[in-house]
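[1] Could you look at this predicted model? Sequence included:
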Amino acid sequence: MKNLRIRAENGIIKISAPQNMSYEKIMEIYNENEKKIEDLAKRDMEKKSYDNKLFGEDFESDLKGKALEDFYREKFYQIIPEISRKYEEMTGLYAKEYRVRKMKARWGTCYPQRGLIILALNLAKRPIDEIESVVLHEIIHLKYKNHSKDFYREIEKYMPNYFEIHKRLNS
C-alpha cells in the first residue's frame, strides 16, 4: 500500500495506511481532514436508506444474506440488456459483456480492450436514471479511456443532466 486510505463502512471510519507511516502522521492527516471524514461517515449512513429498495422503489422481503444478494443480482441482470441496448444504440459503442459484482469503492468499471463492463451489485438498489448514468459512463469508456473534457462532453451529448444524476448517486 502506497497511500493512506480513509473510508466509512456502516458509519464506522476505517483507515488503511502504509506500514512505514507513523501513528502520529496518520492522526495528523485525520485531524486535518476531520470535517471531510465526518461528511464521509454521514454519506455512508445515508446510503443505508437504499436498503430495502429495488431500482429506487421500496420493496418488502424476508430474504437475508446470500439469498438477498442473489435476488438483487437476478433482478439487475434482467434490466441490464434493456438499458445497455438503449445507450449502445445511441452511442454506436458496444460492450461484448456485462457482469455484476459486489464492489465497495465504485459503481462500475470498464475494460475497453476486452469490451467488458462490470457494474456494482448495489446499483440494483438505486433509481433507474442513476443506473443508466453509470451504464452510459462505462460505455463511453469504450471510446475514451480517461475522464477528459471530451469524455464528459460525450456523456452529456446523450444525457444532458448527467452531472445532476451523478451528484445524487454519489451524495
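    Sure, I can see it.

[2] Pick out the residue closest to the middle of this protein.
    Closest to where the C-alpha atoms of the chain average out (Cα atoms, centre = their mean) is residue 107, at 1.6 Å.

[3] By mean pLDDT, flag the weakest helix or strand of the protein.
    Least confident helix or strand of the chain, by mean pLDDT, DSSP states H and E, is helix 34-47 with a mean of 75.

[4] Give me the contact list for that helix.
    With contact meaning Cβ atoms under 8 Å, 6 or more residues apart in numbering, helix 34-47 is reached by 6, 7, 8, 9, 10, 11, 12, 13, 30, 171. Bear in mind the C-beta positions are built from the backbone N, C-alpha and C, glycine included.

[5] go on, stretch 141-154?
    For stretch 141-154, the external contacting residues (Cβ under 8 Å, 6+ apart) are 91, 93, 94, 95, 110, 112, 115, 117, 140, 162.

[6] okay, now the residue found closest to the fourth one once you drop the neighbours it is linked to in the chain: neighbour count?
    When you say that, I think you mean residue 95. Of all residues not flanking residue 95 in the chain, residue 117 sits nearest, at 4.6 Å (Cβ to Cβ, 6 or more residues apart in numbering). Residues contacting residue 117 under the criterion other Cβ atoms under 10 Å number 25.

[7] Could you list the paired strands of the host helix or strand of residue 117 along with their orientation?
    Element membership for residue 117, per DSSP states H and E: strand 116-120. Paired neighbours of strand 116-120 in the sheet (DSSP bridges): strand 97-101 (parallel), strand 108-111 (antiparallel).

[8] Quickly note the distance from residue 114 to residue 142.
    From residue 114 over to residue 142 the distance is 10 Å, taken as Cβ to Cβ, to the nearest Å.

[9] Compute the first-to-last residue distance for stretch 138-147.
    Start-to-end span of stretch 138-147 (Cα to Cα, to the nearest Å) is 11 Å.

[10] re earlier: the contacts of helix 34-47: which two are farthest apart?
    Greatest spatial distance among these (Cβ to Cβ): 30 and 171, at 22.8 Å.

[11] From the neighbour counts alone, determine which of those two ranks first.
    residue 30 (14 against 8).

[12] Report the rounded mean pLDDT for whichever strand or helix holds that one.
    Assigned by DSSP H and E, residue 30 belongs to helix 23-32. Averaged over helix 23-32, pLDDT sits at 88.

[13] Can you name every helix or strand that it contacts?
    Applying 3 or more Cβ pairs under 8 Å, 6 or more residues apart in numbering; DSSP states H and E, we find helix 23-32 packed against no helix or strand.

[14] buried stuff in it?
    26, 29 (16 or more other Cβ atoms under 10 Å).
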